[in-house]
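Undergrad: The sequence isn't on hand, but the structure is:
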């Protein structure tokens, strides 16, 4: 499976990879050595914590390398009157009589609490390509869905402010 990512996504991942390999890894190696010197490893919590941090860093490096290797580069441009990646979109949800402002982003940069919605989520899939005034249905489960209406679209570009998702 290939993840659809923008050039900025790849650049942010490479930047994080460089940091993790060149700065963080040497620090973690030194911390493991320092904690190992405390003695009996079976009761050495500091050593176990240092090893866990080192393993977590290695796991993140593998994840980032895999994402970069299998990524399919996509363009983040869209028509002037349609919802595209990184555009700020005002959405009206009649069921709740609520207005929300969201941005549709790539999967590796989503954070629903901040209004950053993945383009691969049910909501993101439905809103992409819509125009002001268009209504759409968002499926939540087999038995529930809700309606939403695009109220406004503010064209925007990826300014890089949306951080990469952590695990």
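TA: Alright, I've got the coordinates. Predicted model only: the values in this text are computed from it and were never measured.
Undergrad: Which parts of the chain are strands?
TA: Ranges of strands in the chain, per DSSP state E, are 4-5, 72-73, 88-93, 98-105, 116-118, 135-139, 145-154.
Undergrad: List the neighbours of the second one that are in contact with it.
TA: In this case it means strand 72-73. 2-7, 10 (Cβ atoms under 8 Å, 6 or more residues apart in numbering). (Each C-beta comes from the backbone N, C-alpha and C, glycine too.)
Undergrad: Go again with 7 Å.
TA: Applying Cβ atoms under 7 Å, 6 or more residues apart in numbering, the contact partners of strand 72-73 are 2-5, 7.
Undergrad: Also the fourth one?
TA: The contact list for strand 98-105, computed with Cβ under 7 Å, 6+ apart, reads 83, 85-93, 115-119, 124, 127-128, 151, 162.
Undergrad: how about the longest helix along the chain: buried residues?
TA: Criterion DSSP state H: the longest helix present in the chain is helix 45-70. Buried residues in helix 45-70, defined by neighbour count with 16 or more other Cβ atoms under 10 Å: 47, 50-51, 54, 57, 60-61, 64, 67.
Undergrad: Tell me which two in these are the farthest apart.
TA: By the measure Cβ to Cβ, 47 and 67 form the most distant pair in these, at 30.7 Å.
Undergrad: List the contacts of the residue most central in space within the chain.
TA: For the chain, the residue sitting closest to the mean C-alpha position, by Cα atoms, centre = their mean, is residue 109 at 2.1 Å. Under the criterion of Cβ under 7 Å, 6+ apart, the neighbours of residue 109 are 9, 116, 162, 164-165.
Undergrad: Residue 154 contacts residue 87, correct?
TA: Yes. Contact criterion Cβ atoms under 7 Å: residue 154 and residue 87 qualify, at 6.4 Å.
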